[in-house]
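Asks: No letters, just coordinates:
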C-alpha cells in the first residue's frame, strides 16, 4: 500500500483498464451492485480532500503525500440491487429478496470489496502505487459533494498514482510491525 504519490497524471487509458479489470469481479446472482466515482487530477481530487480532511487538520495528517494521488476512486455498494435481483423468479426461493435484513452476509459489501481488490492488483500490474483506505470522517458530506444517490454506500476509497520514491516516500504503516500470521495459524485442513 502506497501512501505518497508523485503528482504526475495517470493516463486515462490506464485508469480505464484498471476499472475494466475491476468489473470482472464475481457478484452474487451477477447482481453487479456497485458503482464508482472516479476523481482525476488536482481539481477533482481536491473536492474529496477538502470535504474529508479540511486544511486545519492537514498539519497533523501522517501521510501528506497521499493528498498528491492523481486518481481517487470511491467504490460504492448498492444493496437494493441485490434485494431486487433476489426477488426475481430464479432467486425468489432464497428469501433474500425480502430485504437487506434477510441477508446473513451483506454481499453488496463483499462484492464491492472484490472489485476494489481487483483494481488494486490491476494498479500494481500497471506499475502504479495504490492504497485502499477508509472514509472515516465526513462521509455524508462527501457523498453529497459528489452527488452520490442515497441508496449507494461507500466501502472506502482507492488512491492511485505513481509511487513517490526516495527520502520523500512514506514509511510502511506501523501496523506491519505486527508481522504476518503464519499459514499454520490460519489454515485448518479438514476442519478446525
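Replies: Looks like it arrived, so ask away. Owing to the predicted nature of the structure, the values given are computational and were not obtained by experimental measurement.

Asks: For the longest helix along the chain, list every residue counted as buried.
Replies: Longest helix of the chain, by residue count under DSSP state H: helix 107-125. By neighbour count on 16 or more other CB atoms under 10 Å, the buried set for helix 107-125 is 107-109, 111-116, 118-120, 122-123. Using the backbone N, CA and C atoms, a C-beta is placed for each residue, glycine as well.

Asks: Run the chain-centre distance for the helix or strand following that helix.
Replies: The C-terminal neighbour of helix 107-125 among helices and strands, as given by DSSP states H and E, is strand 129-133. How far strand 129-133 lies from its chain's middle: 8 Å, per CA atoms, centre = their mean, to the nearest Å.

Asks: other SSEs contacting strand 129-133?
Replies: Strand 129-133 sits against helix 107-125, strand 157-161, with contacts defined as 3 or more CB pairs under 8 Å, 6 or more residues apart in numbering; DSSP states H and E.

Asks: So for the last one, mean pLDDT?
Replies: By that I understand strand 157-161. Taken as a whole, strand 157-161 carries a mean pLDDT of 98.

Asks: mind listing the helices in this protein by residue range?
Replies: Counting by DSSP H, the helices of the chain are 12-22, 41-52, 55-58, 79-85, 107-125, 139-146, 183-186.

Asks: Out of the ones you listed, which gets nearest to residue 165?
Replies: Distance to residue 165, taken as CB to CB, is lowest for helix 107-125 among those, at 15.3 Å.

Asks: So for that closest one, mean pLDDT?
Replies: 98.

Asks: I'd like the helices and strands packed on strand 129-133 written out as TSV, with distance to residue 81 added.
Replies: Listed next are these as TSV, based on distance: least, CB to CB, whole Å:
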stretch	distance to residue 81
helix 107-125	7
strand 157-161	20
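
Asks: Bridge partners for the residue most central in space within the chain, pull those for me.
Replies: For the chain, the residue whose C-alpha lies nearest the mean C-alpha position (CA atoms, centre = their mean) is residue 157; its distance is 4.1 Å. On the basis of DSSP bridges, residue 157 is bridged to residue 133.

Asks: Tell me if I'm right that it and residue 76 touch.
Replies: No: counting by CB atoms under 8 Å, residue 157 stays clear of residue 76, with 10.4 Å between them.
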